[in-house]
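1. I would like the atomic coordinates for the input below:
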Amino acid sequence: MSAAIDVVLADARWRRRIPDATREVRRAARAALAACGAPPRAGLAVLLADDARLHALNREFRRRDKPTNVLSFPDGGARPGGTVALGDVALAFETCAAEARAQRKTLRAHMIHLVVHGVLHLLGHDHARAREAARMEALEREVLAGLGVADPYGAEGRAA
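-> Presented below is the predicted three-dimensional model:
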């Protein structure tokens, strides 16, 4: 059994700008899971929302009163049938679209990067310290290269 990846499309602009957004989210999440050797019966959810939703989540759970590009909410609990619920990842349309424009990349590429980034957080990776950040960024680059997405940490600036 492969990973169960639920995609919740809460803002239709994601599908308007990226018609196959749901498929791309699942592909990116599976690639990140595979790179880390996640359990085959892992499950997670990805919410494609707007700035208002991410702002509310960021304020409630991180005490930061502003929207953000991506949030991860690790779970790690066992579910019936042996599935491991890894948690949830949420992306904000307006912030992601603005970052993609500023970094001169497609929204699709940026979305894929942020899904990979968020899933890596669910798997315990972090970037709070320089050494952790270097490891996480290297893993992101490797996963993204396999997905045909350019290095998000190149000359155009830091993304997440």
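2. can you confirm Asp75 is in a strand?
-> Yes. The assignment for Asp75 by DSSP: H, G, I helix; E, B strand; the rest coil puts it in a strand.
3. My guess is it contacts Gly87. True?
-> Yes. Using Cβ atoms under 8 Å, Asp75 is in contact with Gly87, at 4.0 Å. No exception for glycine: its C-beta is placed from N, CA and C like everyone else's.
4. Could you list the low-pLDDT ranges of this protein?
-> Segments of the chain classed as low confidence (criterion: pLDDT under 70) are 1, 155-160.
5. Could you give the separation of the one helix or strand Val119 maps to from the chain centroid?
-> Using DSSP states H and E, Val119 sits within helix 107-122. Helix 107-122 has its average C-alpha position 3 Å from the chain's average C-alpha position, going by Cα atoms, centre = their mean, to the nearest Å.
6. please renumber so the chain begins at 25
-> Renumbered: residue one is now 25, and that last one reads helix 131-146.
7. Could you list every helix and strand in contact with that helix?
-> helix 45-59, strand 66-73, strand 94-102, strand 108-116, helix 117-126, helix 154-170 (3 or more Cβ pairs under 8 Å, 6 or more residues apart in numbering; DSSP states H and E).
8. Closest to the centroid, which residue in this protein?
-> Centroid-nearest residue in the chain, with Cα atoms, centre = their mean: Val139, separated by 2.0 Å.
9. still on that earlier bit, which of Asp99 and Gly111 has more neighbours?
-> Gly111 (19 against 15; other Cβ atoms under 10 Å).
10. Relative to Pro43, how far out is the more buried one?
-> Distance, Gly111 to Pro43, using Cβ to Cβ, to the nearest Å: 27 Å.
11. what's the answer for Asp74, then?
-> 18 Å.
12. Of these two, which one has the most company?
-> Neighbour totals were compared for Asp74 and Pro43, and Asp74 leads with 19 against 11 (other Cβ under 10 Å).
13. Kindly indicate whether the spatially closest residue to that one that is not a sequence neighbour is helix, strand or coil.
-> Closest residue to Asp74 apart from its sequence neighbours, by Cβ to Cβ, 6 or more residues apart in numbering: Asp35 at 4.4 Å. For Asp35, the assignment made with three-state DSSP gives coil.
14. Nothing else from me, thank you.
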